[in-house]
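Engineer: what's the 3D shape of this:
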Amino acid sequence: MNALLRAVDALSGRRDWDGLIDLAERCEDALERGKQLWPIAAHIDYRLALEAPGPIAASVLDPDVGRFAPGPLTEVVASTHAWDEVADHIEDAQPAAYVAQERVLRGESLEGEQRAHPEVLHMPERLLDWEPTYALATYRPHHVEVAEPWEPKARMADVDADPGDPVEDEELTDAMLDLVQPWTSESNGAARAVVVEGPGPAAARALTFDRLSVAPLTTEEAIQRMAWAAASGGAYGRRRGAALGRFLAFYVCSLVTGETWPVAPDALRAGLDDVRWYLWDEGQTAQEGWVLRLALEHADGWAAAIAATDLSDEDEEGG
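Structural biologist: Below is the predicted model of the structure:
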(Lines give C-alpha, C1' and ligand atoms only; values in the text may rest on other atoms or scores of the structure.)
Protein backbone atom coordinates (compact mmCIF):
# COMPACT_ATOMS: atom_id res chain seq x y z
CA MET A 1 0.00 0.00 0.00
CA ASN A 2 2.72 2.51 0.94
CA ALA A 3 4.63 1.83 -2.26
CA LEU A 4 1.48 2.29 -4.31
CA LEU A 5 0.72 5.58 -2.55
CA ARG A 6 4.22 6.77 -3.40
CA ALA A 7 3.56 5.75 -7.01
CA VAL A 8 0.33 7.80 -6.97
CA ASP A 9 2.22 10.84 -5.64
CA ALA A 10 4.88 10.43 -8.33
CA LEU A 11 2.35 10.09 -11.16
CA SER A 12 0.39 13.10 -9.87
CA GLY A 13 3.59 15.12 -9.59
CA ARG A 14 4.37 14.35 -13.24
CA ARG A 15 0.74 15.07 -14.18
CA ASP A 16 0.62 11.63 -15.76
CA TRP A 17 -3.15 11.28 -15.70
CA ASP A 18 -3.22 8.31 -18.08
CA GLY A 19 -0.77 6.54 -15.81
CA LEU A 20 -2.97 7.22 -12.79
CA ILE A 21 -6.07 5.92 -14.55
CA ASP A 22 -4.18 2.80 -15.62
CA LEU A 23 -2.99 2.20 -12.06
CA ALA A 24 -6.54 2.60 -10.72
CA GLU A 25 -7.81 0.04 -13.23
CA ARG A 26 -5.06 -2.39 -12.26
CA CYS A 27 -5.96 -2.01 -8.56
CA GLU A 28 -9.62 -2.67 -9.33
CA ASP A 29 -8.72 -5.72 -11.43
CA ALA A 30 -6.63 -7.04 -8.53
CA LEU A 31 -9.80 -7.37 -6.44
CA GLU A 32 -10.72 -10.40 -8.55
CA ARG A 33 -7.47 -12.01 -7.37
CA GLY A 34 -8.22 -11.31 -3.73
CA LYS A 35 -5.94 -8.29 -3.40
CA GLN A 36 -7.65 -5.53 -1.40
CA LEU A 37 -6.27 -2.58 -3.35
CA TRP A 38 -9.54 -0.65 -3.61
CA PRO A 39 -8.28 2.08 -1.23
CA ILE A 40 -5.60 2.97 -3.78
CA ALA A 41 -8.16 3.13 -6.59
CA ALA A 42 -10.38 5.34 -4.41
CA HIS A 43 -7.45 7.62 -3.60
CA ILE A 44 -6.65 7.95 -7.29
CA ASP A 45 -10.24 9.06 -7.99
CA TYR A 46 -9.78 11.70 -5.30
CA ARG A 47 -6.47 12.90 -6.76
CA LEU A 48 -7.96 13.08 -10.25
CA ALA A 49 -10.89 15.14 -8.91
CA LEU A 50 -8.47 17.45 -7.12
CA GLU A 51 -5.61 17.85 -9.57
CA ALA A 52 -6.47 16.64 -13.07
CA PRO A 53 -7.72 18.90 -15.89
CA GLY A 54 -11.44 19.59 -15.99
CA PRO A 55 -12.58 16.82 -18.37
CA ILE A 56 -10.73 14.13 -16.39
CA ALA A 57 -11.76 15.55 -13.02
CA ALA A 58 -15.41 15.56 -14.11
CA SER A 59 -15.17 11.94 -15.23
CA VAL A 60 -14.94 10.68 -11.62
CA LEU A 61 -18.22 12.34 -10.57
CA ASP A 62 -20.16 9.11 -10.30
CA PRO A 63 -22.57 8.63 -7.35
CA ASP A 64 -20.87 5.33 -6.53
CA VAL A 65 -17.35 6.85 -6.46
CA GLY A 66 -15.71 8.76 -3.64
CA ARG A 67 -17.29 7.17 -0.56
CA PHE A 68 -13.94 7.10 1.19
CA ALA A 69 -12.60 10.48 0.06
CA PRO A 70 -12.13 13.26 2.66
CA GLY A 71 -15.25 14.89 1.25
CA PRO A 72 -17.73 14.63 -1.63
CA LEU A 73 -15.94 14.65 -4.98
CA THR A 74 -18.31 17.37 -6.19
CA GLU A 75 -16.78 19.66 -3.56
CA VAL A 76 -13.27 18.42 -4.33
CA VAL A 77 -13.66 19.15 -8.04
CA ALA A 78 -15.22 22.57 -7.40
CA SER A 79 -12.47 23.55 -4.97
CA THR A 80 -9.85 23.59 -7.75
CA HIS A 81 -11.79 24.01 -11.02
CA ALA A 82 -13.85 26.91 -12.37
CA TRP A 83 -17.35 26.05 -13.55
CA ASP A 84 -16.56 26.40 -17.25
CA GLU A 85 -13.66 23.94 -16.91
CA VAL A 86 -15.99 21.09 -15.95
CA ALA A 87 -19.56 22.03 -16.85
CA ASP A 88 -19.63 20.43 -20.30
CA HIS A 89 -18.13 17.20 -18.99
CA ILE A 90 -20.55 16.36 -16.15
CA GLU A 91 -23.15 13.96 -17.48
CA ASP A 92 -25.68 13.74 -14.63
CA ALA A 93 -27.85 16.53 -13.26
CA GLN A 94 -27.26 15.90 -9.56
CA PRO A 95 -23.44 16.14 -9.50
CA ALA A 96 -23.64 19.09 -11.89
CA ALA A 97 -25.97 20.91 -9.50
CA TYR A 98 -23.71 20.27 -6.51
CA VAL A 99 -20.54 21.34 -8.34
CA ALA A 100 -22.34 24.49 -9.49
CA GLN A 101 -23.45 25.33 -5.96
CA GLU A 102 -19.91 24.79 -4.66
CA ARG A 103 -18.68 27.24 -7.29
CA VAL A 104 -21.38 29.73 -6.23
CA LEU A 105 -20.05 29.47 -2.67
CA ARG A 106 -16.62 30.31 -4.06
CA GLY A 107 -17.88 33.48 -5.70
CA GLU A 108 -19.09 32.51 -9.17
CA SER A 109 -22.48 33.78 -10.35
CA LEU A 110 -24.30 31.13 -12.39
CA GLU A 111 -27.69 32.75 -12.80
CA GLY A 112 -29.37 31.57 -15.97
CA GLU A 113 -26.88 28.73 -16.37
CA GLN A 114 -28.94 25.70 -17.38
CA ARG A 115 -25.95 23.37 -17.16
CA ALA A 116 -26.08 24.04 -13.39
CA HIS A 117 -29.48 22.29 -13.17
CA PRO A 118 -31.16 24.71 -10.74
CA GLU A 119 -34.15 22.37 -10.50
CA VAL A 120 -32.16 19.93 -8.34
CA LEU A 121 -31.57 22.05 -5.23
CA HIS A 122 -33.72 25.15 -5.93
CA MET A 123 -31.01 27.35 -4.44
CA PRO A 124 -29.90 30.85 -5.51
CA GLU A 125 -27.21 30.62 -8.16
CA ARG A 126 -25.28 33.51 -6.74
CA LEU A 127 -24.39 34.63 -3.24
CA LEU A 128 -27.03 37.00 -1.89
CA ASP A 129 -26.00 40.27 -0.28
CA TRP A 130 -27.35 39.11 3.12
CA GLU A 131 -25.52 35.80 3.18
CA PRO A 132 -22.33 35.17 5.19
CA THR A 133 -18.89 34.17 4.06
CA TYR A 134 -19.24 30.41 4.33
CA ALA A 135 -16.72 28.15 6.07
CA LEU A 136 -15.24 26.32 3.09
CA ALA A 137 -12.92 23.34 2.72
CA THR A 138 -9.44 23.39 1.20
CA TYR A 139 -8.42 19.97 -0.09
CA ARG A 140 -4.84 18.77 -0.04
CA PRO A 141 -3.44 15.56 -1.59
CA HIS A 142 -3.73 13.66 1.71
CA HIS A 143 -6.05 15.71 3.94
CA VAL A 144 -8.65 18.46 4.07
CA GLU A 145 -8.59 21.78 5.96
CA VAL A 146 -11.91 23.40 6.91
CA ALA A 147 -12.42 26.99 7.99
CA GLU A 148 -14.12 27.61 11.35
CA PRO A 149 -17.25 29.75 11.86
CA TRP A 150 -16.80 33.33 12.94
CA GLU A 151 -16.57 34.14 16.61
CA PRO A 152 -19.82 35.91 17.60
CA LYS A 153 -19.68 39.68 17.58
CA ALA A 154 -21.49 39.85 20.93
CA ARG A 155 -20.10 38.41 24.17
CA MET A 156 -21.70 35.57 26.07
CA ALA A 157 -23.64 36.56 29.19
CA ASP A 158 -25.32 34.44 31.87
CA VAL A 159 -29.11 34.53 31.85
CA ASP A 160 -31.90 33.26 34.08
CA ALA A 161 -34.54 31.44 32.08
CA ASP A 162 -37.13 28.79 32.72
CA PRO A 163 -37.74 26.12 30.08
CA GLY A 164 -40.62 26.95 27.78
CA ASP A 165 -43.65 24.73 27.36
CA PRO A 166 -42.98 22.28 24.53
CA VAL A 167 -44.61 22.77 21.15
CA GLU A 168 -45.05 19.87 18.72
CA ASP A 169 -43.22 20.69 15.48
CA GLU A 170 -41.65 17.49 14.23
CA GLU A 171 -40.80 18.93 10.82
CA LEU A 172 -38.67 21.72 12.28
CA THR A 173 -36.95 19.59 14.92
CA ASP A 174 -36.15 16.92 12.32
CA ALA A 175 -34.68 19.55 9.99
CA MET A 176 -32.53 20.98 12.79
CA LEU A 177 -31.27 17.52 13.72
CA ASP A 178 -30.51 16.81 10.06
CA LEU A 179 -27.94 19.62 10.25
CA VAL A 180 -25.76 17.25 12.28
CA GLN A 181 -26.95 13.86 11.03
CA PRO A 182 -23.41 12.51 10.31
CA TRP A 183 -22.32 13.47 13.83
CA THR A 184 -24.95 11.22 15.36
CA SER A 185 -25.23 8.37 12.84
CA GLU A 186 -21.61 7.97 11.70
CA SER A 187 -19.58 9.32 14.61
CA ASN A 188 -19.62 9.76 18.41
CA GLY A 189 -22.09 12.64 18.52
CA ALA A 190 -25.36 13.33 20.27
CA ALA A 191 -28.02 15.91 19.46
CA ARG A 192 -31.40 17.14 20.71
CA ALA A 193 -33.73 19.80 19.34
CA VAL A 194 -36.85 21.38 20.83
CA VAL A 195 -39.57 23.87 19.99
CA VAL A 196 -41.19 25.73 22.90
CA GLU A 197 -43.38 28.66 23.74
CA GLY A 198 -41.42 31.72 24.83
CA PRO A 199 -38.10 33.39 23.95
CA GLY A 200 -34.90 31.85 22.66
CA PRO A 201 -33.24 31.34 26.06
CA ALA A 202 -36.33 29.37 27.18
CA ALA A 203 -35.72 26.93 24.34
CA ALA A 204 -32.04 26.60 25.26
CA ARG A 205 -32.97 26.07 28.92
CA ALA A 206 -35.15 23.13 27.85
CA LEU A 207 -31.94 21.40 26.72
CA THR A 208 -29.75 21.99 29.77
CA PHE A 209 -29.89 22.18 33.57
CA ASP A 210 -26.47 23.82 33.86
CA ARG A 211 -25.66 27.49 33.97
CA LEU A 212 -26.91 29.10 30.77
CA SER A 213 -24.97 31.72 28.82
CA VAL A 214 -26.20 33.27 25.58
CA ALA A 215 -24.99 35.73 22.96
CA PRO A 216 -27.14 37.25 20.23
CA LEU A 217 -26.20 36.30 16.69
CA THR A 218 -26.84 38.10 13.45
CA THR A 219 -28.75 36.26 10.74
CA GLU A 220 -25.48 35.93 8.82
CA GLU A 221 -23.75 34.34 11.80
CA ALA A 222 -26.58 31.88 12.38
CA ILE A 223 -26.73 30.77 8.74
CA GLN A 224 -22.97 30.38 8.66
CA ARG A 225 -22.96 28.15 11.75
CA MET A 226 -25.81 25.98 10.49
CA ALA A 227 -24.17 25.60 7.08
CA TRP A 228 -20.79 24.78 8.66
CA ALA A 229 -22.32 22.06 10.83
CA ALA A 230 -24.38 20.59 8.00
CA ALA A 231 -21.36 20.48 5.66
CA SER A 232 -19.16 18.63 8.14
CA GLY A 233 -19.05 14.99 9.12
CA GLY A 234 -18.11 15.66 12.73
CA ALA A 235 -15.24 13.68 14.19
CA TYR A 236 -15.58 10.51 12.12
CA GLY A 237 -18.56 10.92 9.80
CA ARG A 238 -18.23 11.65 6.11
CA ARG A 239 -18.15 15.32 5.16
CA ARG A 240 -21.23 16.28 3.14
CA GLY A 241 -19.93 19.46 1.52
CA ALA A 242 -20.66 23.17 1.64
CA ALA A 243 -23.35 23.02 -1.06
CA LEU A 244 -25.49 20.71 1.05
CA GLY A 245 -24.64 22.78 4.13
CA ARG A 246 -26.01 25.93 2.53
CA PHE A 247 -29.10 24.06 1.29
CA LEU A 248 -29.93 22.65 4.75
CA ALA A 249 -29.39 26.04 6.42
CA PHE A 250 -31.79 27.66 3.94
CA TYR A 251 -34.30 24.85 4.44
CA VAL A 252 -34.30 25.32 8.22
CA CYS A 253 -34.79 29.05 7.68
CA SER A 254 -37.73 28.39 5.36
CA LEU A 255 -39.44 26.30 8.05
CA VAL A 256 -38.74 28.93 10.71
CA THR A 257 -40.26 31.68 8.58
CA GLY A 258 -43.20 29.56 7.40
CA GLU A 259 -42.23 29.86 3.73
CA THR A 260 -43.00 26.92 1.42
CA TRP A 261 -40.01 25.26 -0.24
CA PRO A 262 -38.67 26.13 -2.76
CA VAL A 263 -38.56 29.58 -1.28
CA ALA A 264 -38.02 32.90 -3.04
CA PRO A 265 -34.89 34.58 -1.63
CA ASP A 266 -36.64 37.93 -1.10
CA ALA A 267 -39.50 36.28 0.79
CA LEU A 268 -37.04 34.33 2.94
CA ARG A 269 -35.07 37.45 3.81
CA ALA A 270 -38.24 39.34 4.73
CA GLY A 271 -39.41 36.47 6.93
CA LEU A 272 -36.08 36.35 8.76
CA ASP A 273 -36.69 39.90 10.00
CA ASP A 274 -39.11 38.29 12.49
CA VAL A 275 -36.45 35.93 13.87
CA ARG A 276 -33.78 36.51 16.50
CA TRP A 277 -30.85 34.11 16.84
CA TYR A 278 -28.68 33.14 19.80
CA LEU A 279 -25.52 31.20 20.44
CA TRP A 280 -25.75 29.48 23.80
CA ASP A 281 -23.51 27.50 26.11
CA GLU A 282 -23.59 25.91 29.53
CA GLY A 283 -21.08 28.30 31.05
CA GLN A 284 -18.40 25.64 31.39
CA THR A 285 -14.85 25.52 30.07
CA ALA A 286 -14.18 25.96 26.36
CA GLN A 287 -15.86 23.27 24.31
CA GLU A 288 -13.77 20.69 22.47
CA GLY A 289 -14.61 19.01 19.20
CA TRP A 290 -17.66 19.84 17.11
CA VAL A 291 -20.37 21.92 18.79
CA LEU A 292 -23.60 23.44 17.53
CA ARG A 293 -25.66 25.15 20.22
CA LEU A 294 -28.08 27.48 18.53
CA ALA A 295 -31.41 28.99 19.58
CA LEU A 296 -33.92 31.16 17.79
CA GLU A 297 -37.06 33.06 18.72
CA HIS A 298 -39.87 34.10 16.44
CA ALA A 299 -41.89 37.28 16.77
CA ASP A 300 -45.02 35.13 17.08
CA GLY A 301 -43.91 34.02 20.57
CA TRP A 302 -42.28 30.63 20.04
CA ALA A 303 -38.66 29.51 20.02
CA ALA A 304 -36.48 26.56 19.04
CA ALA A 305 -33.01 25.32 19.96
CA ILE A 306 -30.52 22.60 19.11
CA ALA A 307 -27.74 21.11 21.21
CA ALA A 308 -25.28 18.97 19.27
CA THR A 309 -21.76 17.83 20.11
CA ASP A 310 -19.26 15.37 18.70
CA LEU A 311 -15.80 14.38 19.94
CA SER A 312 -12.81 12.60 18.52
CA ASP A 313 -10.93 10.13 20.70
CA GLU A 314 -8.22 12.78 21.19
CA ASP A 315 -10.79 15.31 22.40
CA GLU A 316 -12.20 12.82 24.89
CA GLU A 317 -8.74 12.02 26.25
CA GLY A 318 -7.86 15.71 26.51
CA GLY A 319 -11.18 16.61 28.19
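Engineer: when you work out contacts or count neighbours from here on, use the C-alpha atoms and nothing else.
Structural biologist: Noted.
Engineer: in stretch 290-304, what's buried?
Structural biologist: For stretch 290-304, the neighbour count (16 or more other Cα atoms under 10 Å) marks 290-298, 302-304 as buried.
Engineer: same deal with stretch 259-270?
Structural biologist: Burial within stretch 259-270, assessed by neighbour count using 16+ other Cα under 10 Å, is assigned to 263, 268-269.
Engineer: that stretch spans what distance, first to last residue?
Structural biologist: Taking Cα to Cα, to the nearest Å, the first and last residues of stretch 259-270 lie 10 Å apart.
Engineer: with stretch 9-21 instead?
Structural biologist: 13 Å.
Engineer: residue boundaries of the strands in the stretch 1-150 of the chain?
Structural biologist: Ranges of strands in the stretch 1-150 of the chain, per DSSP state E, counting those that start in this stretch, are 137-139, 144-146.
Engineer: in TSV, list the buried residues of stretch 259-270 along with pLDDT and secondary structure.
Structural biologist: Formatted as TSV, the buried residues of stretch 259-270 follow (pLDDT from 0 to 100; DSSP: H, G, I helix; E, B strand; the rest coil):
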residue	pLDDT	secondary structure
Val263	96	coil
Leu268	98	helix
Arg269	98	helix
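Engineer: Glu25: which of those residues is nearest?
Structural biologist: Using Cα to Cα, Val263 comes nearest to Glu25 of these, at 44.3 Å.
Engineer: what is the lengthiest helix in the chain packed up against?
Structural biologist: Among the segments of the chain that qualify as a helix by DSSP state H, the longest is helix 242-257. Under the contact criterion of 3 or more Cα pairs under 8 Å, 6 or more residues apart in numbering; DSSP states H and E, helix 242-257 touches helix 93-105, helix 170-178, helix 219-231, helix 265-272.
Engineer: for the third one, buried residues please.
Structural biologist: This means helix 219-231. 219, 221-231.
Engineer: between helix 170-178 and it, find me the angle.
Structural biologist: Calculated by axes from the mean of the first three to the mean of the last three Cα atoms, to 10 degrees, helix 219-231 forms an angle of 70 degrees with helix 170-178.
Engineer: run the chain-centre distance for helix 219-231.
Structural biologist: Centre-to-centre, helix 219-231 and its host chain are 9 Å apart (Cα atoms, centre = their mean, to the nearest Å).
Engineer: and for the shortest one?
Structural biologist: Taking Cα atoms, centre = their mean, one finds helix 265-272 lying 22 Å from the centre of the chain it belongs to.
Engineer: what's that helix packed up against?
Structural biologist: If contacts are counted by 3+ Cα pairs under 8 Å, 6+ apart, helix 265-272 sits against helix 242-257.
Engineer: who touches the helix it packs on?
Structural biologist: For helix 242-257, contacts defined as Cα atoms under 8 Å, 6 or more residues apart in numbering pick out 75, 98-99, 101-102, 105, 121, 123, 134-137, 171-172, 175-176, 178-179, 223, 226-232, 260-261, 263, 268, 271-272, 274-275, 298.
Engineer: what's the answer for stretch 215-223, then?
Structural biologist: Taking Cα under 8 Å, 6+ apart as the rule, stretch 215-223 contacts 130-132, 149-150, 152-157, 246, 249-250, 272, 276-280, 294.
Engineer: let's see that with 7 Å instead.
Structural biologist: For stretch 215-223, the surrounding residues in contact (Cα atoms under 7 Å, 6 or more residues apart in numbering) are 130-132, 152, 154-157, 249, 277-280.
Engineer: ok, stretch 37-44 next?
Structural biologist: Residues outside stretch 37-44 that contact it (Cα under 7 Å, 6+ apart) are 5, 8, 20, 24, 27-28, 30-31, 66, 68-69.
Engineer: low-confidence ranges, this protein, go.
Structural biologist: Scanning the chain for pLDDT under 70 picks out the ranges 64-66, 283-287, 314-319.
Engineer: tell me the domain ranges of it?
Structural biologist: Using automatic domain parsing, the domain ranges for the chain come out as 2-127, 148-318.
Engineer: tell me which of these lies nearest to Pro141.
Structural biologist: With Cα to Cα, the closest approach to Pro141 among these belongs to domain 2-127: 6.6 Å.
Engineer: and that closest one, how far from the chain's centre?
Structural biologist: Its chain's C-alpha centre and that of domain 2-127 lie 18 Å apart, by Cα atoms, centre = their mean.
Engineer: kindly report the same for stretch 118-136.
Structural biologist: On Cα atoms, centre = their mean, the centre of stretch 118-136 falls 13 Å from that of its chain.
Engineer: measure it end to end?
Structural biologist: With Cα to Cα applied, stretch 118-136 spans 21 Å between its terminal residues.
Engineer: same deal with stretch 226-238?
Structural biologist: 17 Å.
Engineer: tell me the gap between that stretch and the middle of its chain.
Structural biologist: 5 Å.
Engineer: out of the contacts of stretch 37-44, which two sit at the greatest distance?
Structural biologist: The widest separation within those, taken as Cα to Cα, falls between Ala30 and Ala69 and amounts to 20.4 Å.
Engineer: the more surrounded of these two?
Structural biologist: Ranked by neighbour count (other Cα atoms under 10 Å), Ala30 and Ala69 place Ala69 first, with 21 against 14.
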